[in-house]
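pasting the structure only:
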């Protein structure tokens, strides 16, 4: 049975992605900053007959928490097939380039960028033991430099001086990670789930968690011919999925 670790998976897109991977026969480690919230999510999934799941307490912004999670997962398996870096925060809106505090930048980058680095480095040895390791970094079209300099882009006027740079940085980390692993079996991609109605945006999104979860799960289950080092947004480009950096 293949296994997957999903950060921030007790609700929303992460939870739906967990549900889909469970339905495809994966054993899922459901990462949650609040262990009780993670346990409630697990109870919900098991009530649906999806039993190969367990909650792992993990705050991606806390190195000690990530290390403890690595130890806990490592006591149960020597191989991890999929890592989905889903945990993220928006930092609240509006975010003005001249008014946002340094502390706001630190807080968002701590989760959205440093958290991804922290988790990836902690679990890379388990992933390297898999014959088909996959890493999905959950990004956003809002991290596209190209689109945000195009006045015709549908979200051109929706700027976020803290959140958007964090996703642009995550995209660059994805490029570097994919390059470093280019001669291995790894597939590493940044995937935009779309503008989805969740707690993250006070349910202002126009898409569903089912659509978003399917987009992420698709790239978590890529075959050997699948892409790597790509920025994918099927909401932006339903034909090829490609989105400009």
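Perfect, thanks for sending it. As the structure is a prediction and not an experimental result, all values here were calculated from the model. Numbers count the residues shown, from 1 in each chain.

in three-state terms, label residue 89 for me.
coil (DSSP: H, G, I helix; E, B strand; the rest coil).

what sits against the residue found closest to it once you drop the neighbours it is linked to in the chain?
Distances taken as C-beta to C-beta, 6 or more residues apart in numbering place residue 111 nearest to residue 89, at 4.9 Å, with adjacent residues excluded. Where you see a C-beta, it was placed from the backbone N, CA and C, and this is true even at glycine. Shown in contact with residue 111 (C-beta atoms under 8 Å, 6 or more residues apart in numbering): 60, 61, 87, 88, 89.

do the same with residue 34
10, 57.

tell me how far it lies from residue 9.
12 Å (C-beta to C-beta, to the nearest Å).

likewise for residue 155?
With C-beta to C-beta as the criterion, residue 155 and residue 9 are 26 Å apart.

excluding chain neighbours, what is closest to residue 217?
residue 20 (4.3 Å).

same question for residue 77.
In space, residue 77 is closest to residue 3, 5.8 Å off (C-beta to C-beta, 6+ apart).

burial measure for that neighbour, as a count.
19 (other C-beta atoms under 10 Å).

kindly report the same for residue 9.
There are 32 residues near residue 9, going by other C-beta under 10 Å.

what's it in contact with, if anything?
15, 17, 18, 28, 30, 31, 32, 38, 41, 84, 86.

how far away is the fifth one from residue 52?
Relative to residue 52, residue 30 is positioned 11 Å away (criterion: C-beta to C-beta).

of these two, who's got more company?
residue 30 (27 against 14).

how much space separates residue 22 from residue 184?
27 Å.

out of the two, which sits in the busier spot?
For residue 22 versus residue 184, the count of surrounding residues by other C-beta under 10 Å is larger for residue 22: 21 against 12.

OK, contacts around that one?
28, 45, 50, 52, 53.

just want the most central residue of the chain.
residue 86 (2.4 Å; C-alpha atoms, centre = their mean).

in the chain, which helix has the most residues?
helix 163-180 (DSSP state H).

ok, and what's touching that one?
90-91, 93, 95, 105, 108-109, 112-113, 116-117, 120, 135, 137, 139-140, 142-145, 148, 186, 188-190, 228-229, 231, 245.

show the buried residues in those.
90-91, 95, 105, 108-109, 112-113, 116, 120, 135, 137, 139-140, 142-144, 148, 186, 188-190, 228-229, 231, 245 (16 or more other C-beta atoms under 10 Å).

quick one, helices of the protein?
12-23, 35-47, 63-74, 102-112, 114-128, 163-180, 209-220.

which secondary structure elements does the fifth one sit against?
Think helix 114-128. If contacts are counted by 3 or more C-beta pairs under 8 Å, 6 or more residues apart in numbering; DSSP states H and E, helix 114-128 sits against helix 63-74, strand 82-85, strand 134-138, helix 163-180.

repeat that with 6 Å
helix 63-74 (3 or more C-beta pairs under 6 Å, 6 or more residues apart in numbering; DSSP states H and E).

what's the distance between the residue lying farthest from the centre of the chain and residue 91?
Residue farthest from the centre of the chain, counting by C-alpha atoms, centre = their mean, is residue 98 at 28.7 Å. Residue 98 sits at a distance of 16 Å from residue 91 (criterion: C-beta to C-beta).

shaky segments in this structure?
Flagging of the chain using pLDDT under 70 yields the residue ranges 197-206.

beta partners for residue 82?
residue 4, residue 134 (DSSP bridges).

for it, what are its contacts?
Neighbour list for residue 82: 4, 134, 220 [criterion: C-beta atoms under 6 Å, 6 or more residues apart in numbering].

could you double-check that the first one sits in contact with residue 26?
It refers to residue 4. Yes - using C-beta atoms under 6 Å, residue 4 is in contact with residue 26, at 4.9 Å.
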